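A.B. asks: From the sequence below, what's the structure:
(one chain, ligands or ions: 1)
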Amino acid sequence: MPKLYLAPMAGITDQVYRRLCFEQGCDCATTEMVSAQGYLTAPPERNAYRFLLARFPEEGPLAVQIFGSEPGFMARAAARLTDLGLFSSVDINMGCPAQKVVGGQSGSALMKDPALAARIVYGVKRATTLPVTVKMRLGWDAEHKNAVPFARLLEQSGADLLTVHGRTRAQQYAGKADWDAIGEVKRAVTIPVIANGDIVDGSSALDALRVTGCDGLAIGRGALGNPWIFSQIKAAMAGAPYTPPPFSQVIDTAMRQAREMAAWKGERSALLEMRKHFAWYTAGRRSSAQVRTKVNLASSFREVEDLLRTLDH
Ligand SMILES: Cc1cc2nc3c(=O)[nH]c(=O)nc-3n(C[C@H](O)[C@H](O)[C@H](O)COP(=O)(O)O)c2cc1C
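C.D. replies: Just a heads-up that it's a prediction; the model follows:
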């Protein structure tokens, strides 16, 4: 059975959210991205890394994702993160399109410098006993789609698995993910390839598997406010029927996430961080826009829950 991955999403795929996804059938997840250089040079008490690297013991297999462009920092960060004993693999970010990441030649900018990307994979592989995986795109832009030779080079450099987002850096998150191009990468290498981009329900998951021939699927935005997407896709793969949860259960889950986040980071931080999640959980409900505005002004989760319950009719 193809494996289902929760794609890494900065600011979203923390331990609380990941646990909800694992409960619904997600097989593997990834932390939010961690700067290799930042991690190595931060004072040990720095909260940011404590939060970024936290994991619940009952989560399933978890990759830690690092980004950077300096092979030495990447290798040392991988070694230190491996020593924490928390992670089952090390994932290297070669897909992030954000200016602040590519400006430092990291993320998807590495697709423009295959030799450097290969040196990073090689060095990280030697620095850790864990499997080394890479998350990449189709290339920098439409004129530079080098995913196939790039993937082959990474495989030769020691990568154990590749996740391919079917867009170029120039596309960011716009347009449609090109699953045929992911299939070309899959056929060009012998290591497992995970397809990513625009998998939003059971039928798109089956289509993506058919078109790409990949070994698994990574789901990002389709899982926002929707950890049930994993059970939905598993049902589709098994040819079994799927019934979405009633909205009362959606609210229960949102509130559980909120309480767990509050227990972890305090209610004030959790209220701010949960705003986007509440918006995703309630997207598409009648009157949800007005309720969301009030939710964003609420000063306690009790208030938030009362507001959300008004949408359950
Ligand atoms: C808010 C957000 C944050 C993301 N953060 C990361 C990240 O930290 N590392 C990474 O490799 N990809 C990141 N991505 C990209 C996703 O992992 C994924 O490749 C992309 O969203 C396409 O998949 P989808 O169509 O299923 O969303 C992020 C995407 C979004 C929307």
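A.B. asks: Kindly provide the distance from residue 5 to residue 127.
C.D. replies: 23 Å (Cβ to Cβ, to the nearest Å). For every residue, glycine as well, the C-beta is placed using N, CA and C.
A.B. asks: repeat for residue 260
C.D. replies: Residue 260 is 33 Å from residue 127, where distance means Cβ to Cβ.
A.B. asks: Give me the more crowded residue out of the two.
C.D. replies: Neighbour comparison, residue 260 and residue 127: the larger count goes to residue 127, with 21 against 18 (by other Cβ atoms under 10 Å).
A.B. asks: Show me the helices in the stretch 151-300 of the chain, by range?
C.D. replies: Under the criterion DSSP state H, counting those that start in this stretch, the stretch 151-300 of the chain contains helices at 179-188, 202-212, 229-238, 247-265, 267-282, 288-295.
A.B. asks: what distance separates the shortest one from the middle of the whole chain?
C.D. replies: Translated: helix 288-295. Mean-position distance between helix 288-295 and its chain equals 27 Å (Cα atoms, centre = their mean, to the nearest Å).
A.B. asks: which bits of the stretch 101-250 of the chain sit near the ligand?
C.D. replies: Residues of the stretch 101-250 of the chain lying near the ligand by Cβ under 6 Å from any ligand atom: 135, 165, 196-199, 219-222.
A.B. asks: from what I can see residue 75 touches residue 126, true?
C.D. replies: Yes: with contact taken as Cβ atoms under 8 Å, residue 75 and residue 126 are classed as touching, separated by 6.9 Å.
A.B. asks: more crowded one of the two?
C.D. replies: More neighbours surround residue 75 than the other of residue 75 and residue 126, with 22 against 12 (other Cβ under 10 Å).
A.B. asks: looking at this, the more buried one is in a strand?
C.D. replies: No: secondary structure of residue 75 (DSSP: H, G, I helix; E, B strand; the rest coil): helix, not part of a strand.
A.B. asks: mind checking how far it is from residue 303?
C.D. replies: Taking Cβ to Cβ as the measure, residue 75 and residue 303 are separated by 48 Å.
A.B. asks: do the same with residue 183
C.D. replies: For residue 183, the distance to residue 303 under the criterion Cβ to Cβ works out to 49 Å.
A.B. asks: Which of those two has more residues huddled nearby?
C.D. replies: Applying other Cβ under 10 Å to residue 183 and residue 303 shows that residue 183 carries more neighbours, namely 20 against 14.
A.B. asks: Apart from its chain neighbours, what residue comes closest to that one?
C.D. replies: Here the nearest residue to residue 183 in space, its sequence neighbours aside, is residue 212; by Cβ to Cβ, 6 or more residues apart in numbering that works out to 4.3 Å.
A.B. asks: just checking, that neighbour touches residue 177?
C.D. replies: No: between residue 212 and residue 177 no contact is recorded; they are 10.0 Å apart, counting by Cβ under 8 Å.
A.B. asks: Which one's more surrounded, the two?
C.D. replies: In terms of neighbours (other Cβ under 10 Å), residue 212 is the more surrounded of residue 212 and residue 177; the figures are 27 against 22.
A.B. asks: domains for this protein, by residue range?
C.D. replies: Structural domains of the chain, as assigned by automatic domain parsing, span the residue ranges 3-238, 247-309.
A.B. asks: Could you pull up the residues touching the nearest residue to residue 292 once chain neighbours are set aside?
C.D. replies: Excluding its sequence neighbours, the residue lying closest to residue 292 (Cβ to Cβ, 6+ apart) is residue 279, at 5.4 Å. Going by Cβ atoms under 8 Å, 6 or more residues apart in numbering, residue 279 touches 225, 288, 292.
A.B. asks: What is the neighbour count of the first one?
C.D. replies: In this case it means residue 225. Residue 225 is flanked by 21 other residues according to other Cβ under 10 Å.
A.B. asks: Excluding chain neighbours, what is closest to residue 282?
C.D. replies: For residue 282, the closest residue by Cβ to Cβ, 6+ apart turns out to be residue 288, at 4.3 Å.
A.B. asks: Distance check, that neighbour against residue 17.
C.D. replies: 20 Å.
A.B. asks: Neighbour count: the two, which is higher?
C.D. replies: Neighbour comparison, residue 288 and residue 17: the larger count goes to residue 17, with 20 against 17 (by other Cβ under 10 Å).
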